[in-house]
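Enquirer: After the sequence you'll find the predicted model.
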Amino acid sequence: MIRSTHLLALSLLGVLAACSRESSIQQTHAASAAATMTVPSLPGAEVTDSPSVDSLPAMTVHKSPSCGCCGLWVDHAKRAGFSVSVVSMNDLNPLKVAMGVPVGGGSCHTAVVGGYFIEGHVPAADIQRLLTEKPKARGLTVPGMVLGSPGMEAPAGEVQPYTVYLVDLDGKSTPFSHHNR
Ligand SMILES: [Cu+2]
């Protein structure tokens, strides 16, 4: 028990270190991606697995300039077909409060899409489901930084099971989906 906790702490440190170390690489990566731009989708051509890609609303991701895992999550969202603008800011708290992210339920970056907040490393599939189902709610959150979630992939493939929470208009969180890998 002690040993596994210790190992977990070690691997988490590794990921967090990777998260900040990636940031400069990430910025270069993002810059080159923006420079080349992706192939526009042709009418009638299905370029991804998601049938709703053409109708996905634009997403804005707010992150600190030095957050590497935030950038990796942005890549994840882009791969899923979201068109993403990134806003770099050092203090995300006023935005989190304004959007209704629960106290203690926050993470490293805050996205806004379709009027909802998307807090932390939420899988794109859950965002697509949210936008399809359109519940009366403020948004989705994966509190903290979960190993193995999108943008938090660990070098040795470690994963922690995690839950995505839906935050309703009253600020109450209920489980939206569970992920075991
Ligand atoms: Cu993160």
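Expert: Sure, I can see it.
Enquirer: got the residues of the protein near the ion?
Expert: 69, 108, 145 (C-beta under 5 Å from the ion). Heads up, the C-betas are built off the backbone N, CA and C, glycines and all.
Enquirer: Roughly how far does residue 170 sit from the ion?
Expert: Distance of residue 170 to the ion, computed by C-beta to the ion, to the nearest Å: 27 Å.
Enquirer: and that residue, which of the three is it?
Expert: coil (DSSP: H, G, I helix; E, B strand; the rest coil).
Enquirer: Neighbour-wise, give me the winner out of the residues of the chain next to the ion.
Expert: When the residues of the chain next to the ion are compared by neighbour count (other C-beta atoms under 10 Å), residue 69 ends up highest, at 27 neighbours.
Enquirer: In which helix or strand does it reside?
Expert: Using DSSP states H and E, residue 69 sits in helix 68-79.
Enquirer: Could I get the average pLDDT for stretch 64-83?
Expert: The average pLDDT for stretch 64-83 rounds to 97.
Enquirer: cool, and stretch 134-152?
Expert: 97.
Enquirer: Now it - C-alpha only, CSV.
Expert: Written as CSV, here are the backbone C-alpha positions of stretch 134-152 (Å, rounded to 0.1, in the frame of the first residue of the first chain):
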residue,chain,number,x,y,z
LYS,A,134,-27.8,20.2,-24.4
PRO,A,135,-28.7,19.8,-20.8
LYS,A,136,-29.6,22.9,-18.7
ALA,A,137,-26.2,23.1,-17.1
ARG,A,138,-23.1,25.2,-16.7
GLY,A,139,-20.5,22.8,-17.9
LEU,A,140,-18.4,19.7,-17.5
THR,A,141,-15.3,19.3,-15.2
VAL,A,142,-12.6,16.7,-14.5
PRO,A,143,-11.3,18.1,-11.3
GLY,A,144,-7.6,18.1,-10.8
MET,A,145,-5.1,16.5,-13.2
VAL,A,146,-5.8,12.8,-13.9
LEU,A,147,-3.1,10.6,-15.2
GLY,A,148,-4.1,9.1,-18.5
SER,A,149,-6.9,11.6,-19.3
PRO,A,150,-6.5,13.5,-22.7
GLY,A,151,-3.5,15.7,-22.6
MET,A,152,-2.2,13.9,-19.4
